[in-house]
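# the following block contains a protein sequence and its predicted model.
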Amino acid sequence: MADNSGFPLKVLENEIQDKDRDIVRIDPEIMRTLNIAEGAVVNIIGPKNSANIICLSLHPTDEIKDNKNKNYNKKINKNTNDKIIRIDAKTRDSIGTNIGDYVYIKKIVLAENDNRPGKKNTELTDNTANSIIINGSCINFDKERPKILELLGSLQKEVHMDSIYYKCYANGKKTLGWDFFHVALDLRLVQRLIEIHPEINKQEAASIEERFVLWLYAKFRKRKLDYHMKVSEIPYESVTGFRLNPNDFRNIEDMESMR
């Protein structure tokens, strides 16, 4: 039963495709109960240590196996011993646990607008002024959103950024069966990805933001995920009046010589 120490889950090996991805997978029913979103950062508490790590739902095959053992939709505060969490060897070693042991999972609750010095946020703020906003469309957004978040999370892991610098949310529009959504990517994440992926600048587009979206679209296509995507908003510094480049303007002597 869940308490202040977290929710108990039995440790199993990670799926082959999740090796070295720094994620854990748990029962989607538990995610709903604890109000954990797909791709959220959770706290895993082991016998020796704890770790903050991205959480995804179990693959459908795991859910089927779990359904065979018990009524899946009963309250999960009963018979929780068969609820599992899949953790890779690296994370198991860091928290001091083994396959078959039990660990506790806790949702990370953040204080809103906490601007104290040294305080690190682990979620992208609702203020998207410093983010690239991408418009997207797909069939059945509720089903596709976890896949989008999973790819964005894997890209962030590549650049070793601890906080979450992306969001994916529906914009409420639906036309002829197509759901429309937005992806917000913090500029810090985009810039880090550009640094380690020089092929982004080789995309055929006028702006770096458009080149990045073309590259991101290709990433989705490699996973056989076909979404329509385009840049919606690009953050710009708000200025008034004219701006002079101090390294490129004419001085008084130049003006005299032009008379």
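Received the coordinates, thanks. None of these values were measured; they are calculated from a predicted model.

# helices of this structure, start to end?
Shown for the chain, the helices assigned by DSSP state H span residues 28-33, 60-69, 89-95, 141-158, 187-196, 208-222, 252-257.

# got a list of what the spatially most central residue of the chain touches?
By C-alpha atoms, centre = their mean, the chain has its centre lying nearest to residue 153, at 3.8 Å. By C-beta atoms under 8 Å, 6 or more residues apart in numbering, residue 153 lies in contact with 23, 39, 54, 56, 166. For glycine as for every other residue, the C-beta is placed from the backbone atoms N, C-alpha and C.

# where's it relative to residue 37, distance?
Using C-beta to C-beta, to the nearest Å, residue 153 is found at 11 Å from residue 37.

# now do the strands in the stretch 1-150 of the chain.
7-13, 23-26, 41-45, 50-57, 84-87, 102-107, 131-139 (DSSP state E, counting those that start in this stretch).

# direction included, what does the third one pair up with?
So the one you mean is strand 41-45. strand 50-57 (antiparallel), strand 102-107 (antiparallel) (DSSP bridges).

# could I get the ones you listed as a markdown table with distance to residue 83, mean neighbour count and mean pLDDT?
Below are these laid out as a markdown table (distance: least, C-beta to C-beta, whole Å; neighbours: other C-beta atoms under 10 Å; pLDDT from 0 to 100):
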| stretch | distance to residue 83 | mean neighbour count | mean pLDDT |
| --- | --- | --- | --- |
| strand 50-57 | 13 | 19 | 82 |
| strand 102-107 | 10 | 19 | 90 |
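
# looking at these, which is closest to residue 214?
strand 50-57 (25.7 Å; C-beta to C-beta).

# run the angle between that closest one and helix 141-158 for me.
If you take axes from the mean of the first three to the mean of the last three C-alpha atoms, to 10 degrees, strand 50-57 sits at 140 degrees to helix 141-158.

# neighbouring contacts of stretch 207-214?
Under C-beta under 8 Å, 6+ apart, the answer for stretch 207-214 is 132, 134, 190, 193-194, 200-205, 229-231, 234.

# of the residues you listed - the most surrounded one?
Tallying neighbours with other C-beta atoms under 10 Å puts residue 132 at the head of the contacts of stretch 207-214, with 24 neighbours.

# neighbours around the spatially closest residue to it that is not a sequence neighbour, how many?
Once flanking residues are discounted, residue 132 sits nearest to residue 185: 4.9 Å by C-beta to C-beta, 6 or more residues apart in numbering. Other residues lying near residue 185 total 26 when counted by other C-beta under 10 Å.

# residue 185 pairs with what?
For residue 185, the beta-bridge partners are residue 132, residue 166 (DSSP bridges).

# what sits against the nearest residue to residue 140 once chain neighbours are set aside?
In this structure, residue 140 finds its nearest non-sequential neighbour in residue 179, 6.7 Å apart by C-beta to C-beta, 6+ apart. By C-beta under 8 Å, 6+ apart, residue 179 lies in contact with 137-141, 144, 170, 173.

# how about residue 181?
Contacts of residue 181 by C-beta under 8 Å, 6+ apart are 135-138, 141, 145, 148, 168-171.
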